[in-house]
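Chemist: sequence plus predicted model, see below.
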Amino acid sequence: MLSILVMTILVVEVALACWVDKHLYGTLITPFSVLAGPYLLVVLLAWLLAGSLGLAPLYTPSVIVWIAGLAIVWIVNTAVAWGGMGVSGSIVADEISSRTPFEESLRLPAIVLAWILIPITLEGAWSAFRSVGGWAQIGSPEFKDAYMYGFPAHARLLTVPIIIFLIGSYKKSDKASTATIGILIFILFIGQVKGALLEPLLGGMVYRLGARRLRLTAMKVVGSLAAGYLCFNLVYLLAVWSIHPESIRDPAPYAFLFRHFFQYLFAGVLGFSEALRTGASFRDNAEVLFSPFINVLHLAYSSGAPIAAGTPKQLGMTIDLLNPDPILASNVFTLFGTVYLYIGPLFAVLYVAVMATIVSLFFSLMNKSMNPLWLVAFSYLSAQLVFGFFEIYFWHSAILEVLVYCGILGLWAAWRNREKSFLQTEPATI
């Protein structure tokens, strides 16, 4: 009975807040909706399906934490965007032209920069292949480690805002953008890191939604979920097929991946659920939550070892009741869950409020500015929020690096188009 009540409160909270956002801003692409919508879908599925899949049942208090966290995000965004920055329906409700004034002038520089980065990233991939012994080792942890570090890895991160921009401003007749997007996505696919592949794709979709080039429909949502399922499985199947080509016709891997997909989808929700149920706490390792900033200080002062982001596997929670092997334990706890477990409820409120303020400022800026790079930055941040049902991504230094690149490119774009007003009173992107 309690679980039904809590889930009902969550549904009402999300529906009501999204309705108010739509009337305030004329759009559903807000910090609250991109965070709350996916979580609501995943937690409802976990509540209904976890038991039948042999996974741990959902613990209701974990949903209460999310209800509180979502309320903070909505209140902060309303205060910053609507109250402080003056973003309102009068600004965002009108339909906008198919292209912002800056986009056409930025397309060629974006493509040229992409093609400067492509040889660098491909060379990094080739070096990683050679270091681990060739194509057969593409699915190994050693390959991923070799592929994700060094100068080519930083070049790959610089391609992320380019991908988002090119996807967001794409038109059918633009063959150069089509080829560039395809090659850049292939380069990300080689690394077999699901988040690294999905984030720019999702960011590009948010850009198109924000620019009114794409409208959400039931069929598009279903199609996007199907595409996500396909991308998820292809990452694994590529590794399996490279080692065992004969497995292409074997139904066993596909049956395994079906259940594994839902186990992975529910990992954050059920991981946090089990952590609360068992009374787990990681407050002794609270510095991990701020590792990007601490690592920058260590680098600046040449002192201290870098702090790795993420929860160690040995601290994970068992969510698979059919196979309770510790190696399969979930070490992700959703966005709010991770903050709650690492710094406790009081400081978690402050952390979430600061995080929401930063995202809301980007939301406000991209609504008030004609510069598409601010929409790129918000779209990238939105991609991190969409996956809030899985874990918190803001403790990964790569996120901050991409945002720095967005800022540098955005300031350059503003300078390049300085004959236009930097901050406009008319909307450019949403």
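Modeler: Nice, I can see it.
Chemist: rest of the way, CA atoms for contacts and neighbours
Modeler: Noted.
Chemist: now do the phi/psi pair for S330.
Modeler: Backbone torsions of S330, given as degrees, to the nearest 10, read phi -90, psi 120.
Chemist: tell me how many other residues crowd it.
Modeler: S330 has 28 neighbouring residues, counting by other Cα atoms under 10 Å.
Chemist: any low-confidence regions in the stretch 151-300 of the chain?
Modeler: 192-195, 235-236, 238-250, 252 (pLDDT under 70).
Chemist: can you map out the helices along it?
Modeler: Secondary structure of the stretch 151-300 of the chain (DSSP state H, counting those that start in this stretch): helices at 151-168, 175-190, 194-210, 218-243, 251-265, 267-278, 291-301.
Chemist: deepest in the core, which of the ones you listed is it.
Modeler: helix 267-278 (a mean of 25; mean count of other Cα atoms under 10 Å).
Chemist: packing partners of that helix?
Modeler: Applying 3 or more Cα pairs under 8 Å, 6 or more residues apart in numbering; DSSP states H and E, one finds that helix 267-278 contacts helix 31-49, helix 60-77.
Chemist: and the ones you listed: which comes nearest L234?
Modeler: Within the helices and strands packed on helix 267-278, the stretch nearest L234 is helix 31-49; the backing value is 21.2 Å (Cα to Cα).
Chemist: nearest residue to the residue nearest the centre of the chain in space, please, no chain neighbours.
Modeler: Nearest to the mean C-alpha position of the chain, by Cα atoms, centre = their mean, lies Q384 at 2.6 Å. What sits nearest to Q384 in space, not counting adjacent residues and going by Cα to Cα, 6 or more residues apart in numbering, is Y393, at 6.2 Å.
Chemist: kindly list the main-chain dihedrals of the one you found?
Modeler: When read as degrees, to the nearest 10, the backbone of Y393 gives phi -100, psi -10.
Chemist: who's in contact with it?
Modeler: Y393 makes contacts with L335, Q384, I399, as judged by Cα atoms under 8 Å, 6 or more residues apart in numbering.
Chemist: related to what we said a few turns ago, right, and the helix or strand after the one helix or strand the residue nearest to the centre of the chain maps to?
Modeler: Element membership of Q384, judged by DSSP states H and E, is helix 372-386. Once the chain leaves helix 372-386, the next helix or strand it forms, by DSSP H and E, is helix 397-416.
Chemist: tell me who's in contact with E13.
Modeler: E13 makes contacts with I67, as judged by Cα under 8 Å, 6+ apart.
Chemist: repeat the analysis, applying 10 Å as the threshold.
Modeler: By Cα atoms under 10 Å, 6 or more residues apart in numbering, the contact list for E13 reads M7, W19, A36, I67, L70, A71.
Chemist: ok, the residue nearest to Q384 to A196 distance?
Modeler: Distance, Y393 to A196, using Cα to Cα, to the nearest Å: 11 Å.
Chemist: list the buried ones in the longest helix belonging to the chain?
Modeler: The longest helix of the chain (DSSP state H) is helix 335-368. For helix 335-368, a neighbour-count test (16 or more other Cα atoms under 10 Å) marks 335-344, 348-349, 351-353, 356-368 as buried.
Chemist: likewise stretch 49-59?
Modeler: Buried-residue list, stretch 49-59, by 16+ other Cα under 10 Å: L49, A50, L53, L55, A56, P57, L58, Y59.
Chemist: show the end-to-end separation of that stretch, please.
Modeler: OK, stretch 49-59 end separation, Cα to Cα: 14 Å.
Chemist: just give the nearest non-adjacent residue to I164, would you?
Modeler: Going by Cα to Cα, 6+ apart, I164 has G204 as its nearest residue, at 4.2 Å.
Chemist: ok, the closest residue to H298 other than its chain neighbours - how many residues close by?
Modeler: Leaving out its chain neighbours, the residue that sits closest to H298 by Cα to Cα, 6+ apart is G304, at 5.6 Å. Around G304 there are 11 other residues, counting by other Cα under 10 Å.
Chemist: show me the contacts for G304.
Modeler: For G304, the contacting residues are I294, N295, L297, H298, by Cα under 10 Å, 6+ apart.
Chemist: next, format those residues as a markdown table and append distance to Y25.
Modeler: Below are the contacts of G304 laid out as a markdown table (distance: Cα to Cα, whole Å):
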| residue | distance to Y25 |
| --- | --- |
| I294 | 36 |
| N295 | 38 |
| L297 | 39 |
| H298 | 41 |
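Chemist: before we move on, back to that, columns distance to V14 and pLDDT on top of the buried residues of stretch 49-59, output as JSON lines?
Modeler: Below are the buried residues of stretch 49-59 laid out as JSON lines (distance: Cα to Cα, whole Å; pLDDT from 0 to 100):
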{"residue": "L49", "distance to V14": "21", "pLDDT": "92"}
{"residue": "A50", "distance to V14": "22", "pLDDT": "92"}
{"residue": "L53", "distance to V14": "27", "pLDDT": "89"}
{"residue": "L55", "distance to V14": "26", "pLDDT": "93"}
{"residue": "A56", "distance to V14": "25", "pLDDT": "93"}
{"residue": "P57", "distance to V14": "22", "pLDDT": "94"}
{"residue": "L58", "distance to V14": "19", "pLDDT": "95"}
{"residue": "Y59", "distance to V14": "20", "pLDDT": "94"}
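Chemist: which pair in the residues you listed has the greatest spatial separation?
Modeler: Counting by Cα to Cα, the most remote pair of the buried residues of stretch 49-59 is L53 and Y59, 16.1 Å apart.
Chemist: would you format the buried residues of stretch 49-59 as TSV with distance to G84 included?
Modeler: Formatted as TSV, the buried residues of stretch 49-59 follow (distance: Cα to Cα, whole Å):
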residue	distance to G84
L49	42
A50	42
L53	47
L55	45
A56	43
P57	42
L58	38
Y59	37
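Chemist: A128 and I183: what is the separation?
Modeler: In terms of Cα to Cα, A128 sits 18 Å off from I183.
Chemist: show me the helices in the stretch 1-150 of the chain, by range?
Modeler: Using DSSP H, counting those that start in this stretch, helices in the stretch 1-150 of the chain cover 2-25, 31-49, 60-77, 89-92, 101-132, 141-147.
Chemist: A218: which of those is closest?
Modeler: Of all these, the one in closest proximity to A218, counting by Cα to Cα, is helix 31-49 (13.5 Å).
Chemist: any idea how far N285 is from A275?
Modeler: 15 Å.
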